[in-house]
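[1] What shape does this take:
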Amino acid sequence: MNYFNDYKTMREEKMAVRHWLLSTSFRMTLLALIGVFGIMYVVQTSSASTTGYEMRDLEKQIQILEQDNQRLEFEIATNRSMKSIQSRLQGTSLVMADNVEYATLVGTAVAMR
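    Next up is the predicted model:
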């Protein structure tokens, strides 16, 4: 076994690296990697912009629902007022009770065992 036959000089190593960098397979691999990373960048950017549009639409929907909620709360409050209740009762055929009598229970026990 000869150790000097396996040893490369610095110039031979530089030439080997230069030859490898200028080779067609290295160029094609580098071009493929640049293409893959370019496509990944475009996909990521479009995904982020789509998410932004969806968030904006959801925020608009939240704002519309909050306005509807406030409108409904106001409507509930106006319908609960005595003035509103009395005006709605006048349209019905109900009569006001004059003499109200309350029943009182004689004993406190409701059921026995």
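[2] From here on, just use CA atoms for contacts and neighbour counts.
    Will do.
[3] Give me the neighbour count for Trp20.
    13 (other C-alpha atoms under 10 Å).
[4] same check, this time on Ile62
    When neighbours are counted by other C-alpha under 10 Å, Ile62 registers 12.
[5] Mind telling me what element it is part of?
    Taking DSSP states H and E as the definition, Ile62 sits inside helix 24-80.
[6] Buried residues in the helix or strand that comes right after that helix, which are they?
    Sequence-wise, the next helix or strand downstream of helix 24-80 (DSSP H and E) is helix 82-89. Residues of helix 82-89 include none that count as buried (16 or more other C-alpha atoms under 10 Å).
[7] as a whole number, average confidence for helix 82-89?
    Helix 82-89 shows a mean pLDDT of 84.
[8] by contact count, what packs against it?
    Judged by 3 or more C-alpha pairs under 8 Å, 6 or more residues apart in numbering; DSSP states H and E, helix 82-89 is in contact with no other helix or strand.
[9] Can I get it in CSV, CA atoms only?
    Taking Å, rounded to 0.1, in the frame of the first residue of the first chain, the C-alpha atoms of helix 82-89 are listed here in CSV:
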residue,chain,number,x,y,z
MET,A,82,-94.7,49.0,30.3
LYS,A,83,-95.9,51.5,27.7
SER,A,84,-95.3,49.0,24.9
ILE,A,85,-96.9,46.1,26.8
GLN,A,86,-100.0,48.3,27.6
SER,A,87,-100.4,49.4,24.0
ARG,A,88,-100.2,45.8,22.8
LEU,A,89,-102.8,44.6,25.4
